[in-house]
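Q: sequence unknown, structure follows:
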């Protein structure tokens, strides 16, 4: 465990290793386009607007109440799944650096996290537009959403570390994770509301992703998230970070060999 | 005080060829008590370093000599802290400049200047020293206005000039080098040689791997001959 905390603290102490690089990655990705990362905002906006319209018709919901619900779920799902997907190659994409200099491994995860969080910030413009369009009231509870976002980030960062270590060792885990994420998207209440499950709401309740989205989405919509969701969010952050620490301390010295 | 001390270091590379790298086989292996996927559990292991013991004191210029696959680069990577041995102990004191592959980590989409920043950060330069390092690299590379253009517009010679200038800019107690670095046109080569010599003189310990025995004789005061991961000869000049 001591090795793990060293690695993580060292990474946190050197923000130039991931903060600067995460920003640089995004800059480079959009270097040759004029509006750059705002393309993400536009494509997310178009997707949320058109699918929001379509699904509200399919479910027969009122668009003003459905659209914010769907937009928040979709945008935070994109953030989580993007982070996990990129973490599959979290170490192998930096093979050149890892094989040459000794840097804390967690810094690579934080670099990917910085990228995805910047994208999330760009996408949050869509949320603001949706809220304006639907006349959603601003409430103090939105601050709770920001706090909960930190808790969920802990889970996501830990899960990323786990995924990165396992995918470096077992290369065919990457497509497995991609397909698991695809299925999870439909099993998580993003497009649909748990109430539409009718008596079978356990399908949503047993899914931690439901609770992660719920603790962010409910306060943004002006409601208090359920205590259960809150406990699951905290509990899963604890469990995942313990698993991540154990894996990291056990395999930290092996990662370079696997590349 | 910088020093290097390796004791009985062995490095084994597990070679995962498809089957043993796959989760399915590991799983089947576990589930069947290793009966079904018997072949796949036999991971091929390459012994890169074999029970190697080495002590280096300040002032020593070490040349690693040996044919391909004798373990030179692996030894350099162990010294850089990249490979942590499963067997044996490694003690390295002092800051390390690892010039194992100077071209690695360069981003062709980023400008020359951005590359200088990124590489310097990766090499552990403090944010406050960054400005000084950058201006020094800019001056040495002599690429002028090209530094504001993306690296992909550079000729390969110019890319290497930049890579060389960045990698050699940072001072370190221990300098690790894989083959003598010499890039660019004739004039620049001369500058490179001077700069490397200066860097070596300023360092406390210098370790270079090369196939060129003459070069090692000229620049080192101790030559280690490696063969299949062992030191077979320790020559002090």
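A: Alright, I've got the coordinates. Keep in mind it's a predicted model, so treat the numbers as computed, not measured.

Q: measure residue A:117 to residue B:231 for me?
A: According to C-beta to C-beta, to the nearest Å, residue A:117 stands 49 Å off from residue B:231. Using the backbone N, CA and C atoms, a C-beta is placed for each residue, glycine as well.

Q: what's near enough to touch residue A:85?
A: A:177-178, A:181 (C-beta atoms under 8 Å, 6 or more residues apart in numbering or on different chains).

Q: closest to chain B among the residues you listed?
A: Nearest to chain B among these, counting by C-beta to the nearest C-beta, is residue A:177 at 10.9 Å.

Q: which strands and helices sit next to whichever helix or strand the closest one is part of?
A: For residue A:177, the host element (DSSP states H and E) is helix A:173-187. Applying 3 or more C-beta pairs under 8 Å, 6 or more residues apart in numbering or on different chains; DSSP states H and E, one finds that helix A:173-187 makes contact with helix A:63-88, helix A:141-169.

Q: Who has more neighbours out of residue A:117 and residue B:231?
A: Neighbours around residue A:117 and residue B:231, counted as other C-beta atoms under 10 Å in any protein chain shown, are more numerous at residue B:231. The numbers are 21 against 18.

Q: Nearest residue to the middle of the chain?
A: Answering for chain A, as no chain was given. residue A:80 (1.8 Å; C-alpha atoms, centre = their mean).

Q: try again with chain B
A: Per C-alpha atoms, centre = their mean, the C-alpha nearest to the average position across chain B is that of residue B:100, at 2.6 Å.

Q: Got phi/psi on that one?
A: Dihedral pair for residue B:100: phi -80, psi -40, per degrees, to the nearest 10.

Q: which non-adjacent residue is nearest residue A:257?
A: Spatial nearest neighbour of residue A:257, excluding adjacent residues (C-beta to C-beta, 6 or more residues apart in numbering or on different chains): residue B:13 at 6.2 Å.

Q: Okay, and that neighbour sits in which element?
A: Assigned by DSSP H and E, residue B:13 falls in strand B:3-15.

Q: Partner strands of that strand and their direction?
A: strand B:44-56 (antiparallel), strand B:87-93 (antiparallel) (DSSP bridges).

Q: That one: which residues count as buried?
A: For strand B:3-15, a neighbour-count test (16 or more other C-beta atoms under 10 Å in any protein chain shown) marks B:3-4, B:6, B:9, B:11-13 as buried.

Q: Equivalent analysis for stretch B:66-76, please.
A: B:66, B:70-76.

Q: Over to residue B:234. Which of the three states is it?
A: Three-state assignment for residue B:234 (DSSP: H, G, I helix; E, B strand; the rest coil): strand.

Q: so it touches residue B:222, yeah?
A: Yes - between residue B:234 and residue B:222 there is a contact under C-beta atoms under 8 Å: 7.3 Å.

Q: ok, these two, which is more surrounded?
A: Per other C-beta under 10 Å, whichever of residue B:234 and residue B:222 has more neighbours is residue B:222, with 16 against 11.

Q: Contact partners for the more buried one?
A: Contacts of residue B:222 (C-beta under 8 Å, 6+ apart): B:60-63, B:234-237.

Q: Now residue 148. Nearest residue, chain neighbours left out?
A: No chain was given, so I picked chain A. residue A:215 (4.1 Å).

Q: wait, chain B
A: residue B:111 (5.5 Å).

Q: What residues are bridge-paired with that neighbour?
A: Assigned bridge partners for residue B:111, using DSSP bridges, are residue B:150.

Q: How about the contacts made by it?
A: Residue B:111 neighbours (C-beta under 8 Å, 6+ apart): B:147-151.

Q: Neighbours of residue B:237, how many?
A: 11.

Q: pLDDT score assigned to residue B:20?
A: For residue B:20, the model assigns a pLDDT of 56.

Q: Pull out the buried positions in the strand or helix carrying residue A:7.
A: For residue A:7, the host element (DSSP H and E) is helix A:2-13. Within helix A:2-13, the residues that count as buried by 16+ other C-beta under 10 Å are A:4, A:7-8, A:10-11.

Q: closest to chain B among the residues you listed?
A: Out of the buried residues of helix A:2-13, the member with the shortest distance to chain B (by C-beta to the nearest C-beta) is residue A:10, at 11.3 Å.

Q: what sits against residue 110?
A: With no chain named, the answer covers chain A. A:11-12, A:17-19, A:22, A:157.

Q: nope, chain B
A: A:24, A:28, B:118, B:150-151.

Q: Take those and lay them out in JSON lines including pLDDT and neighbour count.
A: Output for those, formatted as JSON lines (pLDDT from 0 to 100; neighbours: other C-beta atoms under 10 Å in any protein chain shown):
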{"residue": "A:24", "pLDDT": "89", "neighbour count": "19"}
{"residue": "A:28", "pLDDT": "86", "neighbour count": "16"}
{"residue": "B:118", "pLDDT": "87", "neighbour count": "20"}
{"residue": "B:150", "pLDDT": "90", "neighbour count": "18"}
{"residue": "B:151", "pLDDT": "89", "neighbour count": "20"}
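
Q: which of the contacts of residue A:85 are buried?
A: Those of the contacts of residue A:85 that meet the buried threshold are A:177, A:181, by 16+ other C-beta under 10 Å.

Q: what sits against residue 213?
A: Assuming you mean chain A. With C-beta under 8 Å, 6+ apart, residue A:213 has these contacts: A:72-73, A:76-77, A:188-190.

Q: To clarify, I was referring to chain B.
A: Counted by C-beta under 8 Å, 6+ apart, residue B:213 has contacts B:65, B:223.

Q: per-residue pLDDT, residue 86?
A: No chain was given, so I picked chain A. Model confidence at residue A:86, given as pLDDT, is 95.

Q: nope, chain B
A: In this model, residue B:86 carries a pLDDT of 83.

Q: That one: neighbour count?
A: If we define neighbours as other C-beta under 10 Å, then residue B:86 has 12 of them.

Q: thought it was touching residue B:8?
A: No - Residue B:86 is beyond contact range of residue B:8, at 11.3 Å (criterion: C-beta under 8 Å).

Q: and the stretch 151-259 of chain A, which residues reach chain B?
A: With C-beta under 8 Å from any C-beta of the partner chain as the criterion, the stretch 151-259 of chain A meets chain B at residues A:169-173, A:176, A:253, A:256-258.

Q: switch the cut-off to 10 Å
A: Selection of the stretch 151-259 of chain A residues close to chain B by C-beta under 10 Å from any C-beta of the partner chain yields A:166-167, A:169-173, A:176, A:252-259.
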